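1. Attaching a predicted model along with its sequence, questions to come.
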Amino acid sequence: MSDVPLSVLFALVSAVAYAAGAVVQERVAVQQGPGGYAPWRRPAWWGAVGLNGLGALLHVGALAFGPLSLVQPLGALTIVFALPMAALLVRQRASAAAWRGALLAAAGLAGLLALTGSGGERMPRGQELAVLGLVTLGTVLALLLVARGVHHHPAARGGFVAAAAGVAFGMASVYTKTVTDRIAHESPLEMLPLLGAVSVLACAGMLLSQASYRGAGLTAPLATQTVVNPVTAAAVGFALFGEHMRFGVLGEAGAAAAGALAAVGLVWLTVGRTAAPPAPEPPAAVTESSPSGV
């Protein structure tokens, strides 16, 4: 098996693991309620941690065999896989719009896969990675400040926290890709700062994603993470790793169209993820019976 199919296989199984973890995380957030934030006190949350850990290991394998611009868009399948999982595990029935969104997102991802070129030969320098880390920290803090400002609106707050989680996860992938590229040329001691950055960003992404589900449901936060994560990592992949699309300018235009199609699909998923519950039946009229005479 060549490198690219192996990378795609790892990325697909990773998306399944991440989807299962997201469903469990959202359930933990619902059961926890609005008061207090200590998900680690619930055994189910540790199950979600395990699923996310499995997804992360498979993601590392995918990055070891393929470029960021190939692996990260496949992460968008997380929400596509979460659709039937939530229906099966927590009985959340999906609407027709959600299924259409899933198909559009899958079609857009297929287009991106068809146009993805080979990975770049360039490796970012230490100074570039340090600046990137500072920019990441500033971006995450800015998103959290905005989320704090709209905390009275759970959906908006969840969206901004989810965007911060997406940035953290995307940048964790960037540093992971750097590790997999350098591991054969540098000593473990030299890799410690990069491994530390990966650990911090992955843990931050996990905690932020859990926080984003509180009061906002599963779909909108997960869709936001799913979009922000690959956009962040792919942009850095093109800028710092020298990655590119096939067929030059035409390939880039096609990739932009495929990305737009996938984005429309994700929006439909966000809007129509769960079918509207049936309207409650009006209470049956109570007819007073006249007292029976003796």
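-> Cool, the structure landed. What you see is a predicted model; the values in this text were computed from it and never measured.
2. tell me the contacts of the nearest residue to F65 once chain neighbours are set aside?
-> Distance criterion Cβ to Cβ, 6 or more residues apart in numbering; nearest residue to F65, sequence neighbours excluded, is S7 at 3.9 Å. C-betas here are computed from N, CA, C, even on glycine. The contact partners of S7, by Cβ atoms under 8 Å, 6 or more residues apart in numbering, come to 61-66, 70-71.
3. could those go into JSON lines alongside distance to L115 and pLDDT?
-> Converted to JSON lines, the contacts of S7 look like this (distance: Cβ to Cβ, whole Å; pLDDT from 0 to 100):
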{"residue": "G61", "distance to L115": "23", "pLDDT": "89"}
{"residue": "A62", "distance to L115": "18", "pLDDT": "89"}
{"residue": "L63", "distance to L115": "19", "pLDDT": "84"}
{"residue": "A64", "distance to L115": "22", "pLDDT": "83"}
{"residue": "F65", "distance to L115": "19", "pLDDT": "86"}
{"residue": "G66", "distance to L115": "14", "pLDDT": "80"}
{"residue": "L70", "distance to L115": "10", "pLDDT": "75"}
{"residue": "V71", "distance to L115": "15", "pLDDT": "82"}
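4. Mind checking which of the residues you listed are buried?
-> Neighbour-count burial (16 or more other Cβ atoms under 10 Å) applied to the contacts of S7 gives 61-66, 70-71.
5. tell me the mean pLDDT over the helix or strand where A202 lies?
-> A202 belongs to helix 188-212 when assigned by DSSP states H and E. Helix 188-212 comes out with an average pLDDT of 90.
6. what's that helix packed up against?
-> helix 3-32, helix 43-65, helix 126-149, helix 154-182, helix 219-240 (3 or more Cβ pairs under 8 Å, 6 or more residues apart in numbering; DSSP states H and E).
7. try 6 Å
-> helix 154-182 (3 or more Cβ pairs under 6 Å, 6 or more residues apart in numbering; DSSP states H and E).
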